[in-house]
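Colleague: Provide a 3D model corresponding to the input given below.
(one chain, ligands or ions: 1)
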Amino acid sequence: MVLAYIGIAIGVLIVLILIVKISKTGPREVAGVDKFCKKCGLETRGMNCPKCKKNPNHSASSSH
Ligand SMILES: [Zn+2]
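Modeller: Numbers count the residues shown, from 1 in each chain. Okay, here's the model as predicted:
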């Protein structure tokens, strides 16, 4: 099965590219997890959210 080997090779290549990207820019930027605030969705680029920093207990888990 040559196709299987090609698939594995492409997979390994993608993983290697991801590792290089992570080592260059940092895992947060690549994953995009902390680019936006988890609470209000404001773009913080890994920094503390200015909105939620002012009132940290306001928009936590209220269904209002
Ligand atoms: Zn926020």
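Colleague: output the contacting helices and strands for the longest helix along the chain.
Modeller: Longest helix of the chain, by residue count under DSSP state H: helix 2-25. Helices and strands touching helix 2-25, by 3 or more C-beta pairs under 8 Å, 6 or more residues apart in numbering; DSSP states H and E, are helix 27-31. In short, each C-beta sits where N, CA and C put it, glycine included.
Colleague: is any part of the next helix or strand after the helix it packs on close to the ion?
Modeller: The element immediately downstream of helix 27-31 (helix or strand, assigned by DSSP states H and E) is helix 50-54. Yes - judged by C-beta under 5 Å from the ion, helix 50-54 and the ion are in contact via 51-52.
Colleague: quick one: contacts for residue 3?
Modeller: Applying C-beta atoms under 8 Å, 6 or more residues apart in numbering to residue 3 gives no contacts.
Colleague: worst-scoring helix or strand of the protein, pLDDT-wise?
Modeller: None of the helices or strands of the chain scores lower by mean pLDDT, DSSP states H and E than helix 27-31, at a mean of 55.
Colleague: mind checking how far residue 16 is from the ion?
Modeller: 35 Å (C-beta to the ion, to the nearest Å).
Colleague: got any ranges where this protein has weak pLDDT?
Modeller: 26-34, 55-64 (pLDDT under 70).
Colleague: need the residues of it near the ion, please.
Modeller: Residues of the chain found near the ion (C-beta under 5 Å from the ion) are 37, 39-40, 42, 49, 51-52.
Colleague: buried ones among these?
Modeller: 37, 49, 51-52 (16 or more other C-beta atoms under 10 Å).
Colleague: I'd like the residues you listed laid out as CSV, including distance to residue 16.
Modeller: As requested, those are arranged in CSV below (distance: C-beta to C-beta, whole Å):
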residue, distance to residue 16
37, 32
49, 34
51, 38
52, 37
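Colleague: which of these sit farthest apart?
Modeller: Longest distance between any two of these is 7.0 Å, between 37 and 51; criterion C-beta to C-beta.
Colleague: touching both of those two, which residues are there?
Modeller: Joint contacts of residue 37 and residue 51 (C-beta under 8 Å, 6+ apart) do not exist.
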